[in-house]
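[1] sequence first, predicted model second:
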Amino acid sequence: MTEFTQHDETTAPDESKPLLADSKKAFGMIPGLHAVMAEAPGLLEAYKKVHELFANSSFDKDELTVVWQTVNVEQACHYCVPAHTGIAMSMGVSEEISEALRNETPLPNDRLEALRTFTLSVVQNRGNVDDGAVQAFLDAGFTKRQILEVILGVSQKVMSNYTNHLANTPVDKPFHKFDWQKAA
C-alpha cells in the first residue's frame, strides 16, 4: 500500500499551511484526514468548503448526521464512521440515531428512514435514482432543494471516504472509543 504523509504546519505544501492552521484552531489538533489531504491543497480546501456548505444546508443536525453516516457506512469508511459518531455526540444527536446508523438498523422515525433510504439510493445508483425513490423522498416531507443538498453531502463524503480508503488514515485518538467495522 502506498504511504501517505500526514502533514503538519511545517511539512505541508505552502498553500495548505493556513488551512491546517485553521483546522488546528477549530479542533485543537489537525485531524488525520486534513493532514493527509494537505498533500493536495485544492482537495483540502474543497473538502472544508463543501463541509461548511453542507453543514449550513436546510438539514437539521439529525438529518445532516443521517446523510453523513449513511454514506460513511455504505462506503465502509473506517475513519469517518468513528469521527462522525463523535461529531454527532458533540452536536447533540441522540445515541439511538447514531447507533442505528452505525449498525444499519431502523431509525427512530419514518422521516429519517426516508432520508437514509434516499441517500443510499443516490450512492448505490450513482445519482441515477428512479422516480419512485424521488417521490417517496418528497412524500416524506423533503423538498427538491434537499434532493440537491443530499448530492452536496454525498460529494463531501466521497472526498473524505475515498481519501481515507487510499491513505488508510489512522483514526484520531479522540475517536478511538467509537471504533467501527462494517457488519459482514
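    Received, thanks.
[2] counting neighbours, what do you get for Val123?
    20 (other CB atoms under 10 Å). (Each C-beta comes from the backbone N, C-alpha and C, glycine too.)
[3] how about the helices of this protein, start to end?
    17-27, 32-37, 41-55, 61-74, 80-91, 95-103, 110-124, 131-139, 144-167 (DSSP state H).
[4] just send the ones you listed back as JSON lines, with distance to Phe178 and mean pLDDT too.
    As requested, the helices of the chain are exported to JSON lines (distance: least, CB to CB, whole Å; pLDDT from 0 to 100):
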{"stretch": "helix 17-27", "distance to Phe178": "16", "mean pLDDT": "97"}
{"stretch": "helix 32-37", "distance to Phe178": "14", "mean pLDDT": "98"}
{"stretch": "helix 41-55", "distance to Phe178": "19", "mean pLDDT": "98"}
{"stretch": "helix 61-74", "distance to Phe178": "11", "mean pLDDT": "98"}
{"stretch": "helix 80-91", "distance to Phe178": "4", "mean pLDDT": "97"}
{"stretch": "helix 95-103", "distance to Phe178": "8", "mean pLDDT": "98"}
{"stretch": "helix 110-124", "distance to Phe178": "19", "mean pLDDT": "98"}
{"stretch": "helix 131-139", "distance to Phe178": "29", "mean pLDDT": "98"}
{"stretch": "helix 144-167", "distance to Phe178": "15", "mean pLDDT": "98"}
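[5] pick the most deeply packed of these.
    Between the helices of the chain, helix 32-37 has the highest mean count of neighbours, a mean of 26, where neighbours are mean count of other CB atoms under 10 Å.
[6] which residues touch it?
    Contact partners of helix 32-37, identified using CB atoms under 8 Å, 6 or more residues apart in numbering, comprise 4-8, 16, 19-20, 23, 43-44, 47-48, 79-80, 83, 159-160, 163-164, 167, 169-172.
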